[in-house]
Structure formats: structure tokens, C-alpha cells
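Visitor: Using only what follows, build the 3D model:
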Amino acid sequence: MSENDKEEKRMYCKALAVAATVLMVAACSNLQEAPGEDMDERFYTEVTDQGLQQFTYTLRKRGASRNDVGPVLRQSGVDANRDGARGSRKDRQRFEEQVVAWMETQLADSGFCRHGYFLIDKDIALGEARIKGECKAVSRRAGAGL
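Guide: Predicted coordinates for the structure are as follows:
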């Protein structure tokens, strides 16, 4: 087994350990396992010609405008009426944590970004979210035609 293969195997084992830890923490936390049926959740992946592996995760309450966040907050365990339609800072933080947990579940389930990811852009408002990221590892398909 070459040194490169050994290093790749070590990285894979580390990624599995991190993923298992994240799953255990998520299982023990107060967060929901998945968005409700009234939520539109989408996860897109792309591998560029340069081998960059990118993803976009979006979540939005079906048929809701940005101002109609009460049901979304209640569904994620936050009472929107307590602090008004916009919710408190704590509500927004809790919703953001929930959205990131759902996105990381999508990453784990898909096997995308096994070695971690970088955030490119994150826009999370109460009731809708959009996260763009890029995997730390570059696809082996990159440069195959060079």
C-alpha cells in the first residue's frame, strides 16, 4: 500500500469519525431530524471542470412569503408569537442551527464533502434559508482531460 493510499485511508477514517460525532451530537440535541412536509428542502451538487465540488442547500416554507414565518418557527420548536413576527435573536440563532444541522444531514446522506466543507455564502432568515458551500477535497475527475 503506497503512502498516498495510507494517507487517503487515514483521512477517510477521520471523516467518518467526525461524521459519527456530528450524528451523535445531533441525535442527543433538541433539533428535529428533518424539515416538516410543509417545507420545501432542496440540495444541489455540482463538480466544476476544475474539480471543485460545490453544493447549495435551500429551505423554504411552501407557499409562504418572507413575512409569514410563524408556522415555520413553531414547526422548528420556536414560538414566533412570543417575540413578534421577526422573532428574537435567540429564535433566529436556533433556527439557523436547525437549518445547518439539516444541511449537514444532507451532506452526510449524499456522501458529498466527505472531508469537510467551506461556507461560501449563507443567507438564513426566519422561515427560509440558502447555504452555498464548497468541499475541501477536489474531485479526482479534475484535470482528467489535460
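Visitor: The protein: strands as residue ranges?
Guide: In the chain, the strands defined using DSSP state E lie at 39-47, 53-61, 117-125, 128-135.
Visitor: Okay, buried residues for stretch 56-66 please.
Guide: Buried residues in stretch 56-66, counted by 16 or more other CB atoms under 10 Å: 56-61, 64. (C-beta placed from N, C-alpha, C; glycine too.)
Visitor: would you turn the residues you listed into JSON lines with distance to Ala101 and pLDDT?
Guide: As requested, the buried residues of stretch 56-66 are exported to JSON lines (distance: CB to CB, whole Å; pLDDT from 0 to 100):
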{"residue": "Thr56", "distance to Ala101": "17", "pLDDT": "97"}
{"residue": "Tyr57", "distance to Ala101": "11", "pLDDT": "96"}
{"residue": "Thr58", "distance to Ala101": "15", "pLDDT": "95"}
{"residue": "Leu59", "distance to Ala101": "11", "pLDDT": "92"}
{"residue": "Arg60", "distance to Ala101": "17", "pLDDT": "90"}
{"residue": "Lys61", "distance to Ala101": "17", "pLDDT": "82"}
{"residue": "Ala64", "distance to Ala101": "21", "pLDDT": "60"}
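Visitor: Out of those, which is nearest to Asp109?
Guide: Ranked by distance to Asp109 (CB to CB), the buried residues of stretch 56-66 are led by Tyr57 at 11.9 Å.
Visitor: Touching, the closest one and Phe43? I think so.
Guide: Yes: using CB atoms under 8 Å, Tyr57 is in contact with Phe43, at 5.3 Å.
Visitor: and the gap between Val138 and Gln54?
Guide: Val138 is 11 Å from Gln54, where distance means CB to CB, to the nearest Å.
Visitor: wait, I meant Ala137
Guide: Separation of Ala137 from Gln54 (CB to CB): 12 Å.
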